[in-house]
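In: No letters, just coordinates:
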Ligand SMILES: O=C(CO)[C@H](O)[C@H](O)COP(=O)(O)O
């Protein structure tokens, strides 16, 4: 899959996520070196424009980039810190952008969360009516 990725800082956690994405997917970098609001918006826009299948945004907390991505109409960005939350965001909310904290998630956990998010191919059809109201 094509995954749009942006982070406003680099550390072992962002490197681990990027290494995993590069090994398993095509990585799209719609913006780099900009502020977290710009990075979140750029990733959200890439997803909405069809330049990427999903987006992943990371900042210190994950919250700012999630909010910025969610301002783009059509984006459903979810902040996740464990695999079950990430999987549920895809299954029950049809999230198309994953947001994670680059400060609080250990590298292996961030990769596990990423895998869980990207591992759900279709949302639960029982949630279609709810998702349509988002
Ligand atoms: O977590 C964040 C936003 O939610 C940012 O990463 C954090 O606030 C640092 O930003 P800056 O480098 O602009 O001070």
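Out: Now that the structure is in, tell me what you want to look at. Only a predicted model underlies this, so the values are computations on that prediction, with no experimental measurement involved. Numbers count the residues shown, from 1 in each chain.
In: For this structure, which residue occupies the most central location?
Out: Closest to where the C-alpha atoms of the chain average out (CA atoms, centre = their mean) is residue 98, at 2.2 Å.
In: Can you pull the phi/psi pair for the closest residue to residue 42 other than its chain neighbours?
Out: Excluding the flanking residues, the one nearest residue 42 by CB to CB, 6 or more residues apart in numbering is residue 31, at 3.6 Å. C-beta here means a position set from N, CA and C on the backbone, and glycine is covered the same way. Residue 31 adopts backbone torsions of phi -160, psi 150, taken as degrees, to the nearest 10.
In: If I follow the layout properly, residue 31 ends up in contact with residue 5?
Out: No - in this structure, residue 31 is not within contact of residue 5 by CB atoms under 8 Å, at 10.0 Å.
In: Next one: residue 13 from residue 115, what distance?
Out: As defined by CB to CB, to the nearest Å, residue 13 lies at a distance of 14 Å from residue 115.
In: Give the residue from the two that has the larger number of neighbours.
Out: residue 13 (23 against 14; other CB atoms under 10 Å).
In: which residues are contacting the helix or strand containing that one?
Out: Secondary structure from DSSP states H and E places residue 13 in helix 12-24. Contacts to helix 12-24, defined as CB atoms under 8 Å, 6 or more residues apart in numbering, come from residues 3, 5, 7, 27, 56, 58, 100, 102-103, 105-108, 110-111, 114-115.
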